[in-house]
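Enquirer: After the sequence you'll find the predicted model.
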Amino acid sequence: MTILGYRIPMMASLVVWCLVWEVLGRTGLIFILPPFSDVLAAAVQLVQTASWQSATVTTLRAFAIGMVLAILCGVPLGILMGRVKLADDLLGMWVNIFSSAPLSALVPVLMILFGFGEKTIIAAVFLFAIWIIVLDTRAGVRHISPSLMEMARSYGASQPALYGKIILWAALPEILAGIRLGLIRGVKGVVIGQLLVAIVGYGALFETFSRNFRMAEFWALTIILFAFAMLMAELIERVEAKVEYYAGARQ
Amino acid sequence: MGATALRNKPAPVSAPNDAIVEVRGICKTYGNVEALRGVDLDFPRGKLTSLLGPSGCGKTTLLKIIAGLIEADAGTVTIDGKPVKGPGPERAFVFQDFALMPWATVLRNVAFGLELRRRARAEREEIARRYIAQVGLAGFEDKYPHELSGGMRQRVGLARALSVDAEVLLLDEPFSAVDEQNRRKFQEDLIRLRTQENKTFIFVTHSIEEAVYISDRIVLLSPRPGRVSRIIEPEIDRSGDPDRIHRDKHYLDTVEEIWQGLKQYVE
(Lines give C-alpha, C1' and ligand atoms only; values in the text may rest on other atoms or scores of the structure.)
Protein backbone atom coordinates (compact mmCIF):
# COMPACT_ATOMS: atom_id res chain seq x y z
CA MET A 1 0.00 0.00 0.00
CA THR A 2 1.27 3.51 -0.79
CA ILE A 3 -0.13 6.85 0.29
CA LEU A 4 1.14 10.05 -1.41
CA GLY A 5 4.08 8.09 -2.73
CA TYR A 6 5.14 6.77 0.68
CA ARG A 7 5.23 3.05 1.16
CA ILE A 8 3.02 2.16 4.10
CA PRO A 9 3.89 -1.12 5.84
CA MET A 10 1.17 -3.75 6.28
CA MET A 11 0.95 -3.15 10.03
CA ALA A 12 -0.02 0.48 9.52
CA SER A 13 -3.77 -0.09 9.51
CA LEU A 14 -3.44 -1.99 12.78
CA VAL A 15 -1.63 0.99 14.33
CA VAL A 16 -4.36 3.35 13.10
CA TRP A 17 -7.10 1.24 14.69
CA CYS A 18 -5.16 0.95 17.96
CA LEU A 19 -4.94 4.76 18.02
CA VAL A 20 -8.68 5.10 17.37
CA TRP A 21 -9.30 2.65 20.20
CA GLU A 22 -7.00 4.58 22.53
CA VAL A 23 -8.74 7.91 21.78
CA LEU A 24 -12.22 6.42 22.13
CA GLY A 25 -11.20 4.75 25.38
CA ARG A 26 -9.82 7.98 26.78
CA THR A 27 -13.07 9.82 26.18
CA GLY A 28 -14.72 7.34 28.54
CA LEU A 29 -17.93 7.45 26.47
CA ILE A 30 -18.24 3.68 26.15
CA PHE A 31 -17.73 2.05 29.51
CA ILE A 32 -16.97 -1.41 28.10
CA LEU A 33 -14.06 0.07 26.14
CA PRO A 34 -11.10 1.06 28.29
CA PRO A 35 -8.13 2.80 26.60
CA PHE A 36 -5.95 0.47 24.55
CA SER A 37 -2.91 1.23 26.71
CA ASP A 38 -4.83 -0.05 29.74
CA VAL A 39 -5.66 -3.23 27.86
CA LEU A 40 -1.98 -3.73 26.99
CA ALA A 41 -0.99 -3.15 30.61
CA ALA A 42 -3.67 -5.63 31.69
CA ALA A 43 -2.33 -8.16 29.17
CA VAL A 44 1.17 -7.86 30.61
CA GLN A 45 -0.23 -8.37 34.11
CA LEU A 46 -2.53 -11.16 33.03
CA VAL A 47 0.13 -13.37 31.50
CA GLN A 48 1.99 -13.31 34.80
CA THR A 49 -0.91 -14.66 36.83
CA ALA A 50 -1.08 -18.32 37.74
CA SER A 51 -4.75 -18.48 36.79
CA TRP A 52 -4.00 -17.36 33.21
CA GLN A 53 -1.12 -19.80 32.88
CA SER A 54 -3.10 -22.78 34.05
CA ALA A 55 -6.09 -21.71 31.94
CA THR A 56 -3.80 -21.49 28.91
CA VAL A 57 -2.41 -24.96 29.50
CA THR A 58 -5.95 -26.39 29.86
CA THR A 59 -7.19 -24.58 26.78
CA LEU A 60 -4.19 -25.38 24.60
CA ARG A 61 -4.31 -29.04 25.54
CA ALA A 62 -8.03 -29.37 24.75
CA PHE A 63 -7.51 -27.46 21.51
CA ALA A 64 -4.53 -29.57 20.44
CA ILE A 65 -6.21 -32.90 21.21
CA GLY A 66 -9.44 -31.80 19.47
CA MET A 67 -7.55 -30.59 16.39
CA VAL A 68 -5.40 -33.70 16.10
CA LEU A 69 -8.52 -35.86 16.29
CA ALA A 70 -10.31 -33.68 13.74
CA ILE A 71 -7.39 -33.94 11.31
CA LEU A 72 -6.91 -37.69 11.87
CA CYS A 73 -10.61 -38.34 11.21
CA GLY A 74 -11.34 -35.53 8.74
CA VAL A 75 -8.60 -36.19 6.18
CA PRO A 76 -9.30 -39.94 5.75
CA LEU A 77 -13.04 -39.27 5.67
CA GLY A 78 -12.56 -36.60 3.00
CA ILE A 79 -10.35 -38.93 0.94
CA LEU A 80 -12.96 -41.70 1.27
CA MET A 81 -15.72 -39.36 0.10
CA GLY A 82 -13.57 -38.11 -2.77
CA ARG A 83 -12.84 -41.64 -3.94
CA VAL A 84 -15.92 -43.74 -3.18
CA LYS A 85 -19.20 -42.56 -4.64
CA LEU A 86 -21.29 -44.56 -2.17
CA ALA A 87 -19.55 -42.93 0.80
CA ASP A 88 -20.04 -39.53 -0.80
CA ASP A 89 -23.75 -40.13 -1.37
CA LEU A 90 -24.24 -41.41 2.17
CA LEU A 91 -22.20 -38.81 4.05
CA GLY A 92 -22.23 -35.77 1.77
CA MET A 93 -25.53 -34.43 3.06
CA TRP A 94 -24.51 -34.68 6.72
CA VAL A 95 -21.11 -33.13 6.23
CA ASN A 96 -22.69 -30.19 4.44
CA ILE A 97 -25.34 -29.75 7.12
CA PHE A 98 -22.81 -29.85 9.94
CA SER A 99 -20.36 -27.53 8.22
CA SER A 100 -22.96 -24.78 8.03
CA ALA A 101 -25.07 -25.57 11.11
CA PRO A 102 -24.97 -23.34 14.23
CA LEU A 103 -22.85 -25.82 16.15
CA SER A 104 -22.92 -23.76 19.36
CA ALA A 105 -26.44 -25.07 19.87
CA LEU A 106 -25.03 -28.59 20.02
CA VAL A 107 -22.52 -27.92 22.78
CA PRO A 108 -25.10 -28.41 25.58
CA VAL A 109 -25.83 -31.83 24.08
CA LEU A 110 -22.10 -32.57 24.21
CA MET A 111 -22.19 -31.67 27.90
CA ILE A 112 -24.86 -34.29 28.47
CA LEU A 113 -22.72 -36.84 26.66
CA PHE A 114 -19.28 -35.93 27.99
CA GLY A 115 -19.89 -34.14 31.28
CA PHE A 116 -18.59 -30.79 32.56
CA GLY A 117 -14.96 -31.39 31.85
CA GLU A 118 -12.20 -31.40 29.28
CA LYS A 119 -13.89 -34.07 27.16
CA THR A 120 -16.72 -31.72 26.24
CA ILE A 121 -14.23 -29.04 25.20
CA ILE A 122 -12.28 -31.51 23.07
CA ALA A 123 -15.54 -32.68 21.50
CA ALA A 124 -16.49 -29.06 20.76
CA VAL A 125 -13.15 -28.36 19.04
CA PHE A 126 -13.51 -31.56 17.05
CA LEU A 127 -17.07 -30.77 16.04
CA PHE A 128 -16.23 -27.22 14.95
CA ALA A 129 -13.08 -28.10 13.03
CA ILE A 130 -13.70 -31.42 11.29
CA TRP A 131 -16.32 -30.58 8.64
CA ILE A 132 -14.35 -28.01 6.70
CA ILE A 133 -11.36 -30.37 6.75
CA VAL A 134 -13.54 -33.15 5.29
CA LEU A 135 -15.02 -30.88 2.62
CA ASP A 136 -11.69 -29.41 1.50
CA THR A 137 -9.96 -32.79 1.45
CA ARG A 138 -12.81 -34.21 -0.62
CA ALA A 139 -12.56 -31.30 -3.07
CA GLY A 140 -8.79 -31.80 -3.33
CA VAL A 141 -9.13 -35.51 -4.07
CA ARG A 142 -11.84 -34.80 -6.64
CA HIS A 143 -9.57 -32.42 -8.53
CA ILE A 144 -6.62 -34.75 -8.97
CA SER A 145 -5.93 -35.01 -12.70
CA PRO A 146 -7.17 -38.35 -14.07
CA SER A 147 -3.96 -38.82 -16.03
CA LEU A 148 -1.89 -38.67 -12.84
CA MET A 149 -3.98 -41.54 -11.48
CA GLU A 150 -3.62 -43.42 -14.78
CA MET A 151 0.13 -42.81 -14.64
CA ALA A 152 0.37 -44.40 -11.20
CA ARG A 153 -1.76 -47.34 -12.30
CA SER A 154 0.16 -47.88 -15.54
CA TYR A 155 3.48 -47.99 -13.67
CA GLY A 156 2.04 -50.60 -11.32
CA ALA A 157 1.20 -48.64 -8.16
CA SER A 158 -0.36 -50.75 -5.42
CA GLN A 159 -3.36 -49.32 -3.57
CA PRO A 160 -1.26 -48.14 -0.58
CA ALA A 161 1.25 -46.54 -2.96
CA LEU A 162 -1.56 -44.87 -4.91
CA TYR A 163 -2.87 -43.24 -1.72
CA GLY A 164 0.47 -42.57 -0.05
CA LYS A 165 2.45 -41.39 -3.07
CA ILE A 166 -0.16 -39.75 -5.30
CA ILE A 167 -3.57 -38.96 -3.78
CA LEU A 168 -2.36 -37.51 -0.47
CA TRP A 169 0.25 -35.34 -2.18
CA ALA A 170 -1.90 -34.20 -5.07
CA ALA A 171 -4.65 -33.13 -2.67
CA LEU A 172 -2.23 -31.59 -0.15
CA PRO A 173 -2.89 -27.92 -1.02
CA GLU A 174 -6.63 -28.36 -0.38
CA ILE A 175 -6.02 -30.49 2.72
CA LEU A 176 -3.83 -27.75 4.19
CA ALA A 177 -6.39 -25.08 3.33
CA GLY A 178 -8.99 -27.19 5.12
CA ILE A 179 -6.75 -27.56 8.17
CA ARG A 180 -6.10 -23.83 8.25
CA LEU A 181 -9.82 -23.02 8.18
CA GLY A 182 -10.41 -25.85 10.65
CA LEU A 183 -7.90 -24.32 13.09
CA ILE A 184 -9.78 -21.02 13.13
CA ARG A 185 -13.08 -22.84 13.67
CA GLY A 186 -11.40 -24.95 16.35
CA VAL A 187 -10.41 -21.80 18.28
CA LYS A 188 -14.07 -20.80 18.09
CA GLY A 189 -15.01 -24.26 19.33
CA VAL A 190 -12.68 -24.18 22.31
CA VAL A 191 -13.92 -20.78 23.45
CA ILE A 192 -17.61 -21.54 22.96
CA GLY A 193 -17.20 -24.91 24.64
CA GLN A 194 -15.42 -23.39 27.62
CA LEU A 195 -17.89 -20.52 27.87
CA LEU A 196 -20.85 -22.86 28.00
CA VAL A 197 -19.19 -25.24 30.41
CA ALA A 198 -17.98 -22.07 32.12
CA ILE A 199 -15.79 -23.66 34.73
CA VAL A 200 -12.58 -24.43 32.86
CA GLY A 201 -9.80 -22.61 31.04
CA TYR A 202 -10.40 -19.39 29.14
CA GLY A 203 -14.14 -19.83 29.47
CA ALA A 204 -13.85 -19.47 33.24
CA LEU A 205 -11.61 -16.41 32.84
CA PHE A 206 -13.97 -14.78 30.33
CA GLU A 207 -16.84 -15.45 32.67
CA THR A 208 -15.05 -13.90 35.65
CA PHE A 209 -13.88 -10.83 33.74
CA SER A 210 -17.20 -10.03 32.10
CA ARG A 211 -19.27 -10.64 35.25
CA ASN A 212 -17.08 -8.31 37.24
CA PHE A 213 -16.76 -5.74 34.46
CA ARG A 214 -12.97 -6.17 34.34
CA MET A 215 -12.98 -4.92 30.79
CA ALA A 216 -9.27 -4.30 30.36
CA GLU A 217 -8.51 -7.92 31.23
CA PHE A 218 -11.47 -9.11 29.16
CA TRP A 219 -10.09 -7.39 26.05
CA ALA A 220 -6.54 -8.45 26.84
CA LEU A 221 -7.65 -12.09 26.86
CA THR A 222 -9.61 -11.60 23.64
CA ILE A 223 -6.56 -10.10 21.95
CA ILE A 224 -4.32 -12.93 23.15
CA LEU A 225 -6.79 -15.50 21.78
CA PHE A 226 -7.15 -13.61 18.51
CA ALA A 227 -3.37 -13.36 18.13
CA PHE A 228 -3.06 -17.09 18.78
CA ALA A 229 -5.64 -17.98 16.11
CA MET A 230 -3.95 -15.66 13.60
CA LEU A 231 -0.53 -17.07 14.40
CA MET A 232 -1.70 -20.65 13.83
CA ALA A 233 -3.39 -19.71 10.56
CA GLU A 234 -0.26 -17.83 9.49
CA LEU A 235 1.93 -20.85 10.22
CA ILE A 236 -0.26 -23.13 8.13
CA GLU A 237 -0.35 -20.51 5.40
CA ARG A 238 3.46 -20.56 5.29
CA VAL A 239 3.41 -24.31 4.71
CA GLU A 240 0.61 -23.89 2.17
CA ALA A 241 2.58 -21.30 0.22
CA LYS A 242 5.46 -23.73 0.01
CA VAL A 243 3.21 -26.54 -1.16
CA GLU A 244 1.34 -24.32 -3.63
CA TYR A 245 4.67 -23.40 -5.08
CA TYR A 246 5.29 -26.98 -6.08
CA ALA A 247 1.70 -27.91 -6.82
CA GLY A 248 0.99 -24.60 -8.51
CA ALA A 249 1.69 -25.83 -12.02
CA ARG A 250 -0.90 -28.56 -11.90
CA GLN A 251 -0.84 -29.03 -15.65
CA MET B 1 4.48 -45.27 -55.72
CA GLY B 2 8.19 -46.00 -56.15
CA ALA B 3 9.85 -47.31 -52.99
CA THR B 4 6.91 -46.29 -50.82
CA ALA B 5 5.03 -49.52 -50.32
CA LEU B 6 1.38 -48.86 -49.77
CA ARG B 7 -0.40 -51.97 -48.73
CA ASN B 8 -4.09 -52.33 -48.67
CA LYS B 9 -4.49 -55.85 -47.40
CA PRO B 10 -6.93 -56.78 -44.64
CA ALA B 11 -5.33 -56.94 -41.19
CA PRO B 12 -3.41 -58.72 -39.74
CA VAL B 13 -0.61 -57.86 -42.10
CA SER B 14 2.53 -59.11 -40.38
CA ALA B 15 3.48 -62.69 -39.84
CA PRO B 16 2.34 -63.63 -36.32
CA ASN B 17 5.74 -64.82 -35.15
CA ASP B 18 7.36 -61.37 -35.13
CA ALA B 19 4.40 -59.58 -33.58
CA ILE B 20 4.89 -58.60 -29.95
CA VAL B 21 1.45 -57.09 -29.44
CA GLU B 22 -1.58 -58.81 -30.94
CA VAL B 23 -5.00 -57.19 -30.88
CA ARG B 24 -8.00 -59.39 -31.72
CA GLY B 25 -11.60 -58.34 -32.15
CA ILE B 26 -11.50 -55.36 -29.82
CA CYS B 27 -14.83 -53.58 -29.35
CA LYS B 28 -15.56 -50.65 -27.05
CA THR B 29 -18.72 -48.62 -26.64
CA TYR B 30 -19.14 -45.52 -24.46
CA GLY B 31 -22.83 -45.06 -23.72
CA ASN B 32 -24.28 -45.07 -27.22
CA VAL B 33 -21.06 -44.04 -28.98
CA GLU B 34 -19.29 -46.94 -30.59
CA ALA B 35 -15.59 -46.09 -30.17
CA LEU B 36 -14.07 -49.27 -31.62
CA ARG B 37 -15.58 -52.13 -33.60
CA GLY B 38 -13.81 -55.40 -34.23
CA VAL B 39 -10.22 -54.13 -34.35
CA ASP B 40 -7.58 -56.75 -35.36
CA LEU B 41 -3.98 -55.57 -35.40
CA ASP B 42 -0.45 -56.86 -35.04
CA PHE B 43 2.39 -54.71 -33.82
CA PRO B 44 5.77 -56.02 -35.02
CA ARG B 45 8.60 -56.23 -32.53
CA GLY B 46 11.15 -53.44 -32.61
CA LYS B 47 9.12 -51.24 -34.95
CA LEU B 48 7.43 -47.89 -34.45
CA THR B 49 3.77 -48.18 -35.38
CA SER B 50 1.55 -45.10 -35.47
CA LEU B 51 -2.18 -45.11 -34.91
CA LEU B 52 -3.37 -42.27 -37.10
CA GLY B 53 -6.84 -40.93 -37.65
CA PRO B 54 -9.18 -38.00 -37.17
CA SER B 55 -10.52 -37.25 -33.70
CA GLY B 56 -13.21 -39.68 -32.64
CA CYS B 57 -11.61 -42.68 -34.36
CA GLY B 58 -10.81 -44.32 -31.01
CA LYS B 59 -7.03 -44.29 -31.37
CA THR B 60 -6.37 -43.20 -27.78
CA THR B 61 -9.00 -45.68 -26.54
CA LEU B 62 -7.21 -48.48 -28.40
CA LEU B 63 -3.86 -47.42 -26.94
CA LYS B 64 -5.29 -47.36 -23.41
CA ILE B 65 -6.83 -50.80 -23.94
CA ILE B 66 -3.39 -52.09 -24.94
CA ALA B 67 -1.98 -50.36 -21.85
CA GLY B 68 -4.56 -52.12 -19.68
CA LEU B 69 -5.94 -48.80 -18.45
CA ILE B 70 -9.32 -49.28 -20.13
CA GLU B 71 -11.18 -52.57 -20.35
CA ALA B 72 -12.52 -53.60 -23.75
CA ASP B 73 -16.11 -54.79 -24.11
CA ALA B 74 -15.00 -57.67 -26.31
CA GLY B 75 -11.77 -59.04 -27.78
CA THR B 76 -8.29 -59.71 -26.46
CA VAL B 77 -4.89 -58.07 -26.39
CA THR B 78 -1.81 -60.26 -25.95
CA ILE B 79 1.78 -59.22 -25.31
CA ASP B 80 4.22 -61.96 -26.25
CA GLY B 81 1.28 -64.36 -26.18
CA LYS B 82 0.17 -63.39 -22.67
CA PRO B 83 -3.29 -61.82 -22.43
CA VAL B 84 -3.50 -58.28 -21.00
CA LYS B 85 -5.59 -58.02 -17.85
CA GLY B 86 -4.29 -54.66 -16.62
CA PRO B 87 -1.13 -52.58 -16.68
CA GLY B 88 2.11 -54.58 -16.66
CA PRO B 89 5.85 -54.05 -16.41
CA GLU B 90 6.46 -54.91 -20.08
CA ARG B 91 4.58 -51.78 -21.14
CA ALA B 92 5.28 -48.11 -20.34
CA PHE B 93 3.00 -45.19 -21.10
CA VAL B 94 3.80 -41.63 -22.16
CA PHE B 95 0.90 -39.27 -21.51
CA GLN B 96 -0.45 -36.47 -23.66
CA ASP B 97 -0.50 -34.07 -20.68
CA PHE B 98 2.82 -35.46 -19.33
CA ALA B 99 1.27 -36.66 -16.01
CA LEU B 100 4.24 -35.56 -13.91
CA MET B 101 4.05 -35.21 -10.15
CA PRO B 102 4.38 -31.45 -9.59
CA TRP B 103 5.68 -31.97 -6.05
CA ALA B 104 8.59 -34.15 -7.18
CA THR B 105 11.87 -33.26 -8.87
CA VAL B 106 12.74 -34.38 -12.40
CA LEU B 107 14.93 -37.09 -10.89
CA ARG B 108 12.14 -38.50 -8.71
CA ASN B 109 9.61 -38.25 -11.52
CA VAL B 110 11.85 -40.20 -13.88
CA ALA B 111 12.67 -42.77 -11.19
CA PHE B 112 9.02 -43.09 -10.12
CA GLY B 113 8.27 -46.22 -12.15
CA LEU B 114 11.26 -47.91 -10.51
CA GLU B 115 10.26 -46.52 -7.10
CA LEU B 116 6.88 -48.24 -7.48
CA ARG B 117 8.78 -51.43 -8.26
CA ARG B 118 10.63 -51.06 -4.97
CA ARG B 119 14.08 -50.73 -6.47
CA ALA B 120 16.74 -49.38 -4.10
CA ARG B 121 17.10 -45.62 -4.17
CA ALA B 122 20.73 -45.49 -5.33
CA GLU B 123 20.06 -47.96 -8.11
CA ARG B 124 16.93 -46.29 -9.45
CA GLU B 125 18.49 -42.84 -9.31
CA GLU B 126 21.49 -44.03 -11.24
CA ILE B 127 19.24 -45.45 -13.96
CA ALA B 128 17.11 -42.29 -13.95
CA ARG B 129 20.18 -40.05 -14.35
CA ARG B 130 21.26 -42.06 -17.36
CA TYR B 131 17.91 -41.62 -19.13
CA ILE B 132 17.64 -37.97 -18.12
CA ALA B 133 20.93 -37.45 -19.92
CA GLN B 134 19.74 -39.50 -22.87
CA VAL B 135 16.67 -37.33 -23.46
CA GLY B 136 18.86 -34.24 -23.20
CA LEU B 137 17.91 -33.02 -19.72
CA ALA B 138 21.24 -33.47 -17.93
CA GLY B 139 21.61 -30.72 -15.33
CA PHE B 140 17.85 -30.47 -14.74
CA GLU B 141 17.65 -33.40 -12.28
CA ASP B 142 16.75 -31.23 -9.30
CA LYS B 143 14.27 -28.97 -11.07
CA TYR B 144 10.52 -29.21 -10.56
CA PRO B 145 8.13 -29.74 -13.48
CA HIS B 146 6.73 -26.19 -13.28
CA GLU B 147 10.23 -24.85 -13.88
CA LEU B 148 10.40 -26.63 -17.25
CA SER B 149 8.87 -25.87 -20.65
CA GLY B 150 6.24 -28.16 -22.16
CA GLY B 151 8.79 -29.86 -24.39
CA MET B 152 11.12 -30.48 -21.47
CA ARG B 153 8.29 -31.87 -19.36
CA GLN B 154 7.47 -34.40 -22.04
CA ARG B 155 11.14 -35.38 -22.16
CA VAL B 156 10.77 -36.19 -18.46
CA GLY B 157 7.72 -38.31 -19.32
CA LEU B 158 9.70 -40.11 -22.00
CA ALA B 159 12.68 -40.69 -19.70
CA ARG B 160 10.33 -42.15 -17.08
CA ALA B 161 8.92 -44.57 -19.66
CA LEU B 162 12.41 -45.55 -20.88
CA SER B 163 13.85 -46.08 -17.40
CA VAL B 164 11.49 -48.93 -16.45
CA ASP B 165 12.98 -50.86 -19.39
CA ALA B 166 9.65 -51.96 -20.82
CA GLU B 167 9.64 -53.71 -24.17
CA VAL B 168 6.66 -51.78 -25.46
CA LEU B 169 6.38 -48.01 -25.24
CA LEU B 170 2.91 -46.56 -25.63
CA LEU B 171 2.85 -42.87 -26.54
CA ASP B 172 -0.46 -41.00 -26.49
CA GLU B 173 -0.11 -37.90 -28.70
CA PRO B 174 3.06 -37.04 -26.79
CA PHE B 175 3.85 -33.91 -28.79
CA SER B 176 0.40 -32.37 -29.06
CA ALA B 177 0.92 -30.13 -26.02
CA VAL B 178 4.42 -29.12 -27.16
CA ASP B 179 5.07 -26.05 -29.32
CA GLU B 180 5.95 -26.49 -32.98
CA GLN B 181 9.73 -25.92 -32.83
CA ASN B 182 10.14 -28.18 -29.83
CA ARG B 183 7.97 -30.83 -31.45
CA ARG B 184 10.22 -30.99 -34.50
CA LYS B 185 13.33 -31.29 -32.35
CA PHE B 186 11.62 -33.90 -30.24
CA GLN B 187 10.67 -35.96 -33.31
CA GLU B 188 14.30 -35.91 -34.46
CA ASP B 189 15.40 -37.03 -31.00
CA LEU B 190 12.85 -39.83 -31.02
CA ILE B 191 14.27 -41.15 -34.30
CA ARG B 192 17.74 -41.07 -32.73
CA LEU B 193 16.54 -42.71 -29.51
CA ARG B 194 14.91 -45.51 -31.47
CA THR B 195 18.22 -46.56 -32.92
CA GLN B 196 19.71 -46.74 -29.40
CA GLU B 197 16.84 -48.49 -27.66
CA ASN B 198 15.62 -51.70 -29.20
CA LYS B 199 12.00 -51.27 -28.23
CA THR B 200 8.57 -51.50 -29.81
CA PHE B 201 6.80 -48.14 -30.03
CA ILE B 202 3.08 -47.62 -30.44
CA PHE B 203 2.43 -44.00 -31.16
CA VAL B 204 -0.91 -42.23 -31.31
CA THR B 205 -1.04 -39.06 -33.35
CA HIS B 206 -3.44 -36.99 -35.42
CA SER B 207 -0.65 -35.42 -37.46
CA ILE B 208 -0.10 -37.08 -40.83
CA GLU B 209 3.34 -35.45 -41.23
CA GLU B 210 4.41 -36.64 -37.80
CA ALA B 211 3.24 -40.20 -38.47
CA VAL B 212 5.03 -40.43 -41.83
CA TYR B 213 8.15 -38.75 -40.47
CA ILE B 214 8.77 -41.17 -37.62
CA SER B 215 6.85 -44.42 -38.32
CA ASP B 216 7.82 -47.77 -39.76
CA ARG B 217 4.15 -48.56 -40.02
CA ILE B 218 1.06 -46.41 -40.01
CA VAL B 219 -2.34 -47.81 -39.09
CA LEU B 220 -5.10 -45.59 -40.43
CA LEU B 221 -8.27 -45.71 -38.36
CA SER B 222 -11.62 -44.53 -39.64
CA PRO B 223 -14.08 -42.90 -37.23
CA ARG B 224 -17.54 -43.80 -35.88
CA PRO B 225 -17.13 -46.67 -35.30
CA GLY B 226 -13.33 -46.80 -35.05
CA ARG B 227 -11.88 -49.54 -37.22
CA VAL B 228 -8.74 -50.21 -39.20
CA SER B 229 -9.10 -48.75 -42.68
CA ARG B 230 -5.55 -49.13 -44.05
CA ILE B 231 -2.01 -50.04 -43.10
CA ILE B 232 0.84 -48.17 -44.74
CA GLU B 233 4.56 -48.87 -44.48
CA PRO B 234 6.50 -45.82 -45.63
CA GLU B 235 9.99 -46.88 -46.60
CA ILE B 236 11.95 -43.80 -45.79
CA ASP B 237 15.66 -43.78 -45.08
CA ARG B 238 16.06 -42.12 -41.69
CA SER B 239 19.77 -42.72 -41.28
CA GLY B 240 21.05 -39.35 -42.52
CA ASP B 241 20.18 -35.77 -41.78
CA PRO B 242 16.67 -35.65 -40.28
CA ASP B 243 15.89 -32.39 -42.10
CA ARG B 244 16.37 -34.17 -45.38
CA ILE B 245 13.38 -36.42 -44.69
CA HIS B 246 11.00 -33.48 -44.89
CA ARG B 247 12.09 -32.92 -48.50
CA ASP B 248 12.17 -36.62 -49.38
CA LYS B 249 9.88 -37.43 -52.31
CA HIS B 250 8.56 -40.61 -50.72
CA TYR B 251 7.80 -38.69 -47.56
CA LEU B 252 5.83 -36.05 -49.43
CA ASP B 253 4.02 -38.62 -51.58
CA THR B 254 2.98 -40.68 -48.56
CA VAL B 255 1.69 -37.62 -46.69
CA GLU B 256 -0.37 -36.66 -49.73
CA GLU B 257 -1.65 -40.21 -50.18
CA ILE B 258 -2.82 -40.43 -46.56
CA TRP B 259 -4.41 -36.99 -46.76
CA GLN B 260 -6.43 -38.03 -49.81
CA GLY B 261 -7.64 -41.08 -47.87
CA LEU B 262 -8.57 -39.18 -44.70
CA LYS B 263 -10.17 -36.21 -46.46
CA GLN B 264 -13.59 -37.87 -46.59
CA TYR B 265 -13.82 -37.89 -42.77
CA VAL B 266 -13.17 -34.18 -42.40
CA GLU B 267 -16.16 -31.89 -42.61
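Expert: Cool, the structure landed. Numbering: from 1, shown residues only, chains lettered A, B, ... in the order given.
Enquirer: ok, residue B:59 to residue B:161 distance?
Expert: 18 Å (Cβ to Cβ, to the nearest Å). The C-beta positions use only the backbone N, C-alpha and C, and glycine is treated the same way.
Enquirer: Over to residue A:154?
Expert: The spacing between residue A:154 and residue B:161, counted by Cβ to Cβ, is 9 Å.
Enquirer: For the two, list the residues in contact with both.
Expert: Here residue A:154 and residue B:161 have B:92, B:93 as joint contacts, going by Cβ atoms under 8 Å, 6 or more residues apart in numbering or on different chains.
Enquirer: what about the residue nearest the centre of chain B, which helix or strand?
Expert: Ranked by distance to the mean C-alpha position of chain B (Cα atoms, centre = their mean), the top residue is residue B:203 at 2.1 Å. Using DSSP states H and E, residue B:203 sits in strand B:200-205.
Enquirer: where along the stretch 151-267 of chain B do the strands fall?
Expert: For the stretch 151-267 of chain B, the strands defined by DSSP state E, counting those that start in this stretch occupy B:168-172, B:200-205, B:217-222, B:227-233.
Enquirer: Please convert these to JSON lines, extending it with distance to chain A.
Expert: Below are the strands of the stretch 151-267 of chain B laid out as JSON lines (distance: least, Cβ to the nearest Cβ, whole Å):
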{"stretch": "strand B:168-172", "distance to chain A": "8"}
{"stretch": "strand B:200-205", "distance to chain A": "13"}
{"stretch": "strand B:217-222", "distance to chain A": "21"}
{"stretch": "strand B:227-233", "distance to chain A": "24"}
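Enquirer: Redo the ones you listed as JSON lines? Include distance to residue A:170 and mean pLDDT.
Expert: Shown next, in JSON lines, are the strands of the stretch 151-267 of chain B (distance: least, Cβ to Cβ, whole Å; pLDDT from 0 to 100):
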{"stretch": "strand B:168-172", "distance to residue A:170": "20", "mean pLDDT": "92"}
{"stretch": "strand B:200-205", "distance to residue A:170": "25", "mean pLDDT": "91"}
{"stretch": "strand B:217-222", "distance to residue A:170": "33", "mean pLDDT": "88"}
{"stretch": "strand B:227-233", "distance to residue A:170": "37", "mean pLDDT": "85"}
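Enquirer: hmm, back to that, residues contacting the strand holding residue B:203, please?
Expert: For strand B:200-205, contacts defined as Cβ under 8 Å, 6+ apart pick out B:20-21, B:43-52, B:59-60, B:62-63, B:66, B:167-176, B:194, B:211, B:214-215.
Enquirer: in the chain, what secondary structure element scores lowest on mean pLDDT?
Expert: Reading this off chain A. Least confident helix or strand of chain A, by mean pLDDT, DSSP states H and E, is strand A:2-3 with a mean of 65.
Enquirer: Just give me the neighbour total for the closest residue to residue B:169 other than its chain neighbours.
Expert: Using Cβ to Cβ, 6 or more residues apart in numbering or on different chains and skipping residues adjacent in sequence, the residue nearest residue B:169 is residue B:201, 5.0 Å away. Look at residue B:201: counted by other Cβ atoms under 10 Å in any protein chain shown, it has 22 neighbours.
Enquirer: Please report the distance of residue B:201 from residue A:28.
Expert: Computed with Cβ to Cβ, the distance linking residue B:201 and residue A:28 is 85 Å.
Enquirer: Quick check: which ranges of the chain have low pLDDT?
Expert: Reading this off chain A. A:1-5, A:7-10, A:198, A:244-251 (pLDDT under 70).
Enquirer: Oops, wrong one, chain B.
Expert: Low-confidence segments of chain B, defined by pLDDT under 70: B:1-17, B:266-267.
Enquirer: List, one by one, the residues from the stretch 51-200 of chain A near chain B.
Expert: Contacts of the stretch 51-200 of chain A with chain B, taken as Cβ under 8 Å from any Cβ of the partner chain, map to A:145, A:147-148, A:150-158, A:161, A:165-166, A:169-170, A:172.
Enquirer: can you rerun that using 6 Å?
Expert: A:147, A:148, A:150, A:151, A:153, A:154, A:155, A:156, A:157, A:161, A:169 (Cβ under 6 Å from any Cβ of the partner chain).
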